[in-house]
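**Student:** Would you be able to build a 3D model of this:
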Amino acid sequence: MTRGGKVQDAFLSAAEPFAWMLEDGTGSVTTDPASLNSRRVTQCALSRICGVCAEPLGRPIVLVGTEAEEGRNAFHAPPLHEGCAAALLARGDVGEWRLTRTAAFEFVRPNRDDLDQRVTFQPSSLL
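**Tutor:** From the prediction side, this is the model:
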């Protein structure tokens, strides 16, 4: 919950979710990790804020991703509030993301030899 209302309400009133908005104010939410703003993704991780509404995270934390990301236990999209994740999926334009509930996550930066040079979020305890 945010101060004064539900987290989901804060998201629904926003033009674009925080982690997907580019510096020029444009952006679009897709399952393609390239649609994420890498600076904002890092900000979400280090400040422990939601990738949708940019409010502080509590528990449970929800990670969203494709079946492949779920299988690897490594997600590109930053952690979200449960209500924000549900609202994001309700938009209908995000493809076939899956929700993974967790109590905590690790923010993993790639090694220089990794094929995928994007950061990932790895849940440490599934709920």
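
**Student:** which stretches of the protein form strands?
**Tutor:** Applying DSSP state E to the chain gives strands spanning 61-65, 98-102, 105-108, 120-123.

**Student:** Which neighbouring elements make contact with the third one?
**Tutor:** Here strand 105-108 touches strand 120-123, going by 3 or more CB pairs under 8 Å, 6 or more residues apart in numbering; DSSP states H and E. From N, CA and C alone the C-beta is placed, and that goes for glycine too.

**Student:** Give me the residues contacting the strand it packs on.
**Tutor:** 45, 61, 63, 73-79, 100, 102, 104-108, 110 (CB atoms under 8 Å, 6 or more residues apart in numbering).

**Student:** Would you format the strands of the chain as JSON lines with mean neighbour count and mean pLDDT included?
**Tutor:** Shown next, in JSON lines, are the strands of the chain (neighbours: other CB atoms under 10 Å; pLDDT from 0 to 100):
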{"stretch": "strand 61-65", "mean neighbour count": "25", "mean pLDDT": "95"}
{"stretch": "strand 98-102", "mean neighbour count": "17", "mean pLDDT": "94"}
{"stretch": "strand 105-108", "mean neighbour count": "16", "mean pLDDT": "95"}
{"stretch": "strand 120-123", "mean neighbour count": "21", "mean pLDDT": "95"}
